[in-house]
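Chemist: Need a 3D model of the sequence below.
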Amino acid sequence: MTDQTPAPNAGPRRILSGIQASGALHLGNYLGALKRFTQLQETGAPCFLFVADLHAITVWQDPALLTAQTREIAAAYLASGLDPARSVIFPQSAVRAHSELAWILNCVARLGWLDRMTQFKEKSGKHKERSSVGLYTYPVLQAADILLYKATEVPTGEDQKQHLELTRDIAAKFNNDFGVPGFFPLPEPLTQGPAPRVMSLRDGMAKMSKSDPSDLSRINLTDDADSIVAKIRKAKTDPEPLPETVEDLDARPEAKNLVTIYAALADETREKVLREWGGKGFGAFKPALAELAVASMAPVTAEMRRLMDDPSEIDRVLKDGAHRAAAIADPVVDEVKKIVGFWRA
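Modeler: Numbers count the residues shown, from 1 in each chain. A predicted model of the protein is given here:
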């Protein structure tokens with residue numbers, strides 16, 4: 001959309017991501033995001049990880065539940081191994097600069113760019129006129145989230161690649177329109193190898209989702225051991241034994257999903273899993289998977305419950321993180337205001 005050659009980024013490396021505060025977290029969130037955030041932290045990369053409560057209200061949220069969900073996601077960050085001394089963990093809405101920069105970038109982004117965003121079309125369905133304006137413009141807020149910290153890398157799944165491209169276009173247009181080459185770096189997608197695509201335990205063709213009406217479709221991060229075992233025992237499968245090659249999993253979505261979960265929890269490849277389990281039935285495989293899932297998730301669940309039973313520690317982490325985030329974000333938005341020409345005393 002823009003043809004400006006970007007100036008090289010002279011700032012520090014920064015990684016930014018967030019999870020929306022709209023519903024309980026599940027195994028797919030843990031394997032696809034939380035576990036990977038912790039791995040990034042261990043590389044020494046400076047990470048800014050927020051709870052996306054501003055994004056959550058693009059659709060109706062019960063206010064009391066939103067507060068609880070914000071704490072729950074923060075608890076999941078901490079329970080998964082994120083260290084607030086090394087990573088900045090904060091609620092998005094607690095840093096006012098997110099909203100301020102979003103408005104300015106709304107005036108930089110073009111309507112045609114947003115019209116091409118496929119997620120809005122998917123989420124709004126046939127009655128987009130009933131959707132909130134926020135749902136339509138939230139990719140611009142997402143751009144503000146990233147550019148506010150001059151993030152250089154963003155962990156990006158397939159469903160968010162289009163939004164990161166929009167962020168790059170907005171950054172390039174701002175830099176070009178106001179004659180400030182390199183002011184906003186053009187963030188790069190951060191890939192850590194393919195993320196495990198965790199599907200529903202009831203339908204191997206649908207992603208595991210907190211919005212699925214069936215609780216049996218997912219393993220929640222707060223599920224106890226008995227619940228995890230029961231859900232895996234009841235997980236949909238087919239009557240054939242596990243195949244011996246990964247290629248043979250493609251036509252068997254439920255089998256593929258359970259093998260994928262096992263591999264992700266064990267930090268193994270699917271090929272290695274099938275070398276051990278190929279030719280064996282689900283009657284043997286499911287108990288082994290359940291045992292692995294309980295062993296992997298029990299420490300996370302126990303720590304989450306401890307934190308949620310006494311949220312004072314969560315609140316302290318979020319407050320401290322918000323102050324640290326604002327210390328970086330506020331000077332950036334102040335500089336943007338000067339660049340744009342807003343009156344400054």
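Chemist: Any stretches of the stretch 51-200 of the chain with poor pLDDT?
Modeler: 158-159, 192-195 (pLDDT under 70).
Chemist: What are the boundaries of the helices in it?
Modeler: Using DSSP state H, counting those that start in this stretch, the helices of the stretch 51-200 of the chain run over 53-56, 63-79, 97-106, 111-115, 118-124, 133-148, 161-177.
Chemist: Save these as JSON lines, and put in mean neighbour count too.
Modeler: Placement of C-beta: from N, CA and C, glycine included. Converted to JSON lines, the helices of the stretch 51-200 of the chain look like this (neighbours: other C-beta atoms under 10 Å):
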{"stretch": "helix 53-56", "mean neighbour count": "23"}
{"stretch": "helix 63-79", "mean neighbour count": "20"}
{"stretch": "helix 97-106", "mean neighbour count": "19"}
{"stretch": "helix 111-115", "mean neighbour count": "11"}
{"stretch": "helix 118-124", "mean neighbour count": "13"}
{"stretch": "helix 133-148", "mean neighbour count": "22"}
{"stretch": "helix 161-177", "mean neighbour count": "20"}
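Chemist: Let me have those in TSV, extended by distance to residue 40.
Modeler: TSV is the format used below for those (distance: least, C-beta to C-beta, whole Å):
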stretch	distance to residue 40
helix 53-56	21
helix 63-79	12
helix 97-106	21
helix 111-115	29
helix 118-124	24
helix 133-148	15
helix 161-177	16
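Chemist: With respect to residue 261, which of the ones you listed lies nearest?
Modeler: For the helices of the stretch 51-200 of the chain, the distance to residue 261 is smallest for helix 63-79, at 18.0 Å, taking C-beta to C-beta.
Chemist: Contacts for that closest one next, please.
Modeler: Here helix 63-79 makes contact (C-beta atoms under 8 Å, 6 or more residues apart in numbering) with 19, 21-25, 29-30, 34, 37, 49, 51, 53, 56-57, 61, 84, 87, 89, 91, 221-222, 299-301, 303-304, 307-308, 311, 314-315, 317-318.
Chemist: rerun at 7 Å
Modeler: By C-beta atoms under 7 Å, 6 or more residues apart in numbering, the residues outside helix 63-79 that reach it are 19, 21-25, 34, 49, 51, 53, 56, 89, 91, 221, 300, 303-304, 307-308, 311, 314, 317-318.
Chemist: now swap in stretch 270-287 and tell me
Modeler: With C-beta under 7 Å, 6+ apart as the test, stretch 270-287 has contacts from 232-233, 237, 241-246, 259-260, 262-263.
Chemist: Which among those count as buried?
Modeler: 232, 237, 241, 242, 243, 246, 259, 260, 262, 263 (16 or more other C-beta atoms under 10 Å).
Chemist: Between these, which sits nearest residue 175?
Modeler: residue 260 (40.9 Å).
Chemist: tell me which element that closest one falls in.
Modeler: Following DSSP states H and E, one finds residue 260 within helix 253-266.
Chemist: Tell me the gap between that helix and the middle of its chain.
Modeler: Here helix 253-266 is found 20 Å from its chain centre; the criterion is C-alpha atoms, centre = their mean, to the nearest Å.
Chemist: Likewise for stretch 240-257?
Modeler: Centre-to-centre, stretch 240-257 and its host chain are 28 Å apart (C-alpha atoms, centre = their mean).
Chemist: ditto for stretch 175-189
Modeler: Centroid separation for stretch 175-189 versus its chain: 24 Å, with C-alpha atoms, centre = their mean.
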